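In: Just to be clear, the model below is a prediction. Sequence and coordinates:
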Amino acid sequence: MTSVKKTEDPVTLKQAETQELLHELLVRLGEDPGREGLTRTPERMERALRYLTRGYNQDAEKTLKDALFDVSYDEMVIVKDIEMFSLCEHHILPFFGKVHVAYIPNGKVIGLSKIPRLVDIFARRLQVQERLTTQIAESIQRAIQPQGVGVVIEARHLCMMMRGVEKQHSSAVTSAMLGVFRDRQETREEFLSLIRARAANGV
């Protein structure tokens, strides 16, 4: 009786490890993944990509609910100049800039440190700036039902700076205004003037 030798099925894209896929990407770009300097690049790329997209594994709603406080304060709360780094979903190139967030409480406030955390949760995903802006605003609106929320993002996109039109000094500004920030011009203008203001000490 002769035994039939089994042949291993070829590895499919779905079965391949992330580092195997990144190794193949280097080959297709014309590189030699075996040369010095690239031997551990697939490993480093995987770690970097997982870090830069870690927002997929974080819960924005839970983050905010862990730091809600009852207050009688009903004036504008602003956290401005929050540094933001994200990856454009169209070219997987970085865009970066500043996020300004404001809301007017309606009985509850959010712990101040949670707002930059919220920005990071959504920024650390493949994004477009417009969606990132609305996600931040809508998450705050759902969490505390304030009188209104305003979010402005000013960012520079490497997909415009390094490729395509190659405009080095251009920036994109997006805004999301909910509640009184949308309905009342004076509230919206107060917010915009305060985020543009710079005190003598730079704060």
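Out: The structure has been received and is ready for your questions.
In: What distance do you get for T63 to E31?
Out: Counting by C-beta to C-beta, to the nearest Å, the gap from T63 to E31 is 39 Å. Glycine gets a C-beta too; all of them are placed from N, C-alpha and C.
In: between these two, who's got more neighbours?
Out: Taking neighbours as other C-beta atoms under 10 Å, T63 and E31 compare with T63 leading, 19 against 14.
In: Leaving out chain neighbours, which residue sits closest to the most centrally placed residue in the chain?
Out: For the chain, A123 is the residue whose C-alpha lies nearest the centre (C-alpha atoms, centre = their mean; 0.7 Å). Once flanking residues are discounted, A123 sits nearest to S86: 4.1 Å by C-beta to C-beta, 6 or more residues apart in numbering.
In: residues in contact with whichever strand or helix holds E43?
Out: Taking DSSP states H and E as the criterion, E43 maps to helix 41-52. With contact meaning C-beta atoms under 8 Å, 6 or more residues apart in numbering, helix 41-52 is reached by 18-20, 22-23, 26, 33, 85, 87, 124.
In: Could you identify the buried members of these?
Out: Those of the contacts of helix 41-52 that meet the buried threshold are 19, 22-23, 26, 33, 87, 124, by 16 or more other C-beta atoms under 10 Å.
In: now, which of those residues sits nearest Q185?
Out: For the buried ones among the contacts of helix 41-52, the residue nearest Q185 by C-beta to C-beta is R124; the value is 34.1 Å.
In: Backbone torsions only: list them for that closest one.
Out: Note on R124: backbone dihedrals following degrees, to the nearest 10 are phi -80, psi 50.
In: which residues sit in contact with the nearest residue to it once chain neighbours are set aside?
Out: Spatial nearest neighbour of R124, excluding adjacent residues (C-beta to C-beta, 6+ apart): G55 at 3.5 Å. Counting by C-beta under 8 Å, 6+ apart, G55 touches 120-125.
In: Name the nearest of these relative to T187.
Out: Nearest member of these to T187, counting by C-beta to C-beta, is F122, at 23.9 Å.
In: Could you report the pLDDT at the closest one?
Out: Model confidence at F122, given as pLDDT, is 98.
In: How about the top helix by length along the chain, which residues are buried there?
Out: Ranked by residue count and defined by DSSP state H, the top helix of the chain is helix 129-144. Neighbour-count burial for helix 129-144 flags 129, 132-133, 135-137, 139-141, 143-144 (criterion: 16+ other C-beta under 10 Å).
In: tell me which of these is nearest to N106?
Out: Distance to N106 across the buried residues of helix 129-144 (C-beta to C-beta) is lowest for I144, with 7.1 Å.
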